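Visitor: the sequence and its predicted three-dimensional model are supplied below.
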Amino acid sequence: MAANLDAEEEARLAAFLDPPRIAVVATIGATGMPQLTPNWYRYSDGRLTISTTKERVKRRNLVRDNRMAVCVFSGTDAREYVTLSGSVEIRDGDGIWPDTRAIVERYVKPEGVEKRMAALRRENRVIISMAPDRVHYR
């Protein structure tokens, strides 16, 4: 469970993160300034996962300093949102593809999943995974 949430809070978090929203990911840049990027994500079993490439700035930032914060908000009015923060693990190799597929299936229509996966398999992809230490709702 994320951030030692009780079962009710974990269920609330999972329900909020279930729709395919965009996660705004914050990492710490080389100069100490925050670096922000929008990302597709998946939340399952108390972990937020994001697929990216080894060449992306966020991955380089996380190799240097593995702290990350994420904000996911509802619709264009952003009346509800959740922020998550914690330390990440970065995984590469053949084991990343089930997580990558699970993320893609959230955002791509079923008939487009295989085409998208084929394109992603040609990239130097990694999975960034975080079990949040802190969770804040609004």
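Guide: Yes, it's here. Residues are numbered from 1 along each chain as shown.
Visitor: output the longest strand belonging to the protein.
Guide: Under DSSP state E, the strand in the chain containing the largest number of residues is strand 81-91.
Visitor: what helices and strands are in contact with it?
Guide: Using 3 or more Cβ pairs under 8 Å, 6 or more residues apart in numbering; DSSP states H and E as the contact criterion, the elements in contact with strand 81-91 are helix 7-17, helix 57-64, strand 67-73, strand 125-130, strand 134-137. C-beta coordinates here come from the backbone N, C-alpha and C atoms, glycine included.
Visitor: on contacts alone, who are the packing partners of the first one?
Guide: When you say that, I think you mean helix 7-17. In terms of contacts (3+ Cβ pairs under 8 Å, 6+ apart), helix 7-17 is packed against strand 42-44, strand 81-91, strand 134-137.
Visitor: the longest strand of the chain pairs with which strands, and in what direction?
Guide: Sheet partners assigned to strand 81-91 using DSSP bridges are listed as strand 67-73 (antiparallel), strand 125-130 (antiparallel), strand 134-137 (antiparallel).
Visitor: can I get those in JSON lines with mean neighbour count and distance to T53?
Guide: Formatted as JSON lines, the entries for the strands paired with strand 81-91 read as follows, by neighbours: other Cβ atoms under 10 Å; distance: least, Cβ to Cβ, whole Å:
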{"stretch": "strand 67-73", "mean neighbour count": "19", "distance to T53": "16"}
{"stretch": "strand 125-130", "mean neighbour count": "22", "distance to T53": "6"}
{"stretch": "strand 134-137", "mean neighbour count": "13", "distance to T53": "27"}
